[in-house]
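*Asks:* Sequence and predicted model, in that order:
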Amino acid sequence: MQAAAARVDREADRLTELDSPIGDADHGSNLKRGFTSVAKALETDPPVTPGAVLTTAGRQLISTVGGASGPLYGTLLRRTGKALGDAPGVTAEELQAALRGGVEAVAQLGASAVGDKTMLDALDPAVEALGTSFAAAAEAAEKGAVDTTPLQARKGRASYLGERSIGHQDPGATSAALLFAALAEVTA
Amino acid sequence: MKMLMNVPESVVADALRGMAAAHPELVVDVDGRVVVRRDAPVSGKVALVSGGGSGHEPLHGGFVGPGMLDAACPGEVFTSPVPDQMVRAAAAVDSGQGVLFIVKNYTGDVLNFRMAAELAEDEGVQVASVLVDDDVAVTDSTFTAGRRGTGATLFVEKIAGAAAEEGQPLERVEAVARQVVQSSRSFGVALSACTTPSKGTPTFDLPAGELELGIGIHGEPGRERRPMMTSGEIADASVDAVLDDWQPRGPVLALVNGMGATPLLELYGFNAEVQRVLGERGVSVARTLVGNYVTSLDMAGCSVTLCQADEELLRLYDAPVQTPGLRWGR
């Protein structure tokens, strides 16, 4: 989570830049506010299990980010954390299964599917690739994010642009790729 | 870009502190980001709570007061508020008669208000929600997030606010709000993009000789770009976009709304053209409101909202209202 916060902090301007032509130019600043508060909450009162880290982080995101990304990322982390339960340690397989549930919850909350040009386009392939390695998951997420460029947005504010959303990389898929990059970094 | 501000991070808090100083009839919780009418909870009255991103002033904080909202939750600029704010607002204004959330159809607002409704109900507050989606510029809701909520929000908050003020129960207030949503359509036009404080440059590039038709209220581009038009041509395009979608049966309430950087001189001139087009199309106008009510920071441009008004809606619209942004009848 600290690595994710550092990465979001570093890349906030780029996320905002991506959000500018097809959204409303605040994705970077919103996530930065959320993850800064996640880092602070985890420092002040460090949870003892991986599951608790994720549920705390998720709750923090819901309370601070706003927009669509707050509830969506918050739900992803909270649902994943809940699935991990109180286990003191987690295997890659357990994390994959828990994350799969988290991604399903995001799809349900946003009523969206892969191909809609949203964070799901990075999350879904990343979770699948997690069966191979963390590095593979990060790579799959990055590819998924880049591959949103030619798509037409069907959800969120970018959907109002119709065909004009084509040719822009989705900021939500990009931030999702950042999180998997952070995960790969700390598990390398 | 020059802006009257300290740092981008504090624009919302600074605005709330200033609002508190100007309006002692409101309780402004700057840290908790909630604006509440001072006499809330009003005994025996259904409470109305709305909110959304900041940058649309006077919407929503400016519509808090007798006859309209009981509380508003301002989010960050163009970002929906978080559930904590809405739960705090609901708890502060609920008199036991229940709370109506008025939500504009933007994904972030919808998701956060949905979470808040669940949390508030866990705390024993009865919550109903109404979704405002009046923007006809969004045509295909199968492949989009659905029609955006824009100018009709004012009519919903005013008319449902009046119904609540006269003591109608939650189901009735909710039904009136829904009727207003179903009876309202809007269309917006941008002459310039707007600049968010955190970004500091215009959110999209709109050359001097062009305008954007069919915009929302967050600086997002619209559905079509054209060479600059006259006020009369813009009125034709806007009103026709609304009437192509829906033909009102009977007189309408008309809102001619400025997006933030268009002076009243231009808005009144534009209203003259809107009235001309409505007359030519056989639509009679019962009431007209002209001004900056649902804005988009410093965007130049305007929107037109029409609401088909039966006698009951007209009576509720005319009822007294006393808020920073809208005030008449007392």
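*Replies:* Thanks, I have it. Everything numeric here is computed off the predicted structure, so don't read it as measured data.
*Asks:* Can you find the helix or strand in the chain with the smallest mean pLDDT?
*Replies:* Using chain A. helix A:2-22 (a mean of 92; mean pLDDT, DSSP states H and E).
*Asks:* looking at chain B here, not the other one
*Replies:* strand B:224-227 (a mean of 92).
*Asks:* remind me which residues of the chain are low pLDDT?
*Replies:* This is for chain A. Within chain A, no stretch has pLDDT under 70.
*Asks:* actually it's chain B I care about, not the one you picked
*Replies:* Using pLDDT under 70, chain B drops low at B:140-142, B:219-221.
*Asks:* what are the ranges of the strands in it?
*Replies:* Applying DSSP state E to chain B gives strands spanning B:26-29, B:34-37, B:47-54, B:71-77, B:99-104, B:127-132, B:184-190, B:210-213, B:224-227, B:252-258, B:285-291, B:301-308, B:321-322, B:327-328.
*Asks:* nearest to residue B:237, of the ones you listed?
*Replies:* Closest approach to residue B:237 among the strands of chain B (CB to CB): strand B:210-213, 6.2 Å. The way it works is simple: take the backbone N, C-alpha and C, and place the C-beta from them, glycine included.
*Asks:* elements contacting the closest one?
*Replies:* If contacts are counted by 3 or more CB pairs under 8 Å, 6 or more residues apart in numbering or on different chains; DSSP states H and E, strand B:210-213 sits against strand B:184-190, strand B:224-227, helix B:231-245.
*Asks:* and those as JSON lines, adding mean neighbour count and distance to chain A?
*Replies:* Output for the helices and strands packed on strand B:210-213, formatted as JSON lines (neighbours: other CB atoms under 10 Å in any protein chain shown; distance: least, CB to the nearest CB, whole Å):
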{"stretch": "strand B:184-190", "mean neighbour count": "28", "distance to chain A": "12"}
{"stretch": "strand B:224-227", "mean neighbour count": "12", "distance to chain A": "9"}
{"stretch": "helix B:231-245", "mean neighbour count": "19", "distance to chain A": "15"}
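*Asks:* re the thing from before, just the C-alpha atoms of the least confident helix or strand of chain A, please, in PDB.
*Replies:* Taking C-alpha atoms only, helix A:2-22 is exported to PDB below (Å, rounded to 0.1, in the frame of the first residue of the first chain):
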ATOM      1  CA  GLN A   2       2.900   2.400   0.800                       C
ATOM      2  CA  ALA A   3       4.400   1.500  -2.600                       C
ATOM      3  CA  ALA A   4       1.000   2.100  -4.300                       C
ATOM      4  CA  ALA A   5       0.700   5.500  -2.500                       C
ATOM      5  CA  ALA A   6       4.200   6.500  -3.600                       C
ATOM      6  CA  ARG A   7       3.500   5.500  -7.200                       C
ATOM      7  CA  VAL A   8       0.100   7.300  -7.300                       C
ATOM      8  CA  ASP A   9       1.800  10.300  -5.800                       C
ATOM      9  CA  ARG A  10       4.500  10.200  -8.500                       C
ATOM     10  CA  GLU A  11       2.100   9.600 -11.400                       C
ATOM     11  CA  ALA A  12      -0.800  11.900 -10.200                       C
ATOM     12  CA  ASP A  13      -0.100  14.500 -12.900                       C
ATOM     13  CA  ARG A  14       0.000  11.900 -15.700                       C
ATOM     14  CA  LEU A  15      -3.400  10.400 -14.500                       C
ATOM     15  CA  THR A  16      -4.900  13.900 -14.400                       C
ATOM     16  CA  GLU A  17      -3.500  14.600 -17.900                       C
ATOM     17  CA  LEU A  18      -5.100  11.400 -19.200                       C
ATOM     18  CA  ASP A  19      -8.400  12.300 -17.500                       C
ATOM     19  CA  SER A  20      -8.400  15.700 -19.100                       C
ATOM     20  CA  PRO A  21      -9.500  15.000 -22.700                       C
ATOM     21  CA  ILE A  22     -12.100  12.400 -21.900                       C
END
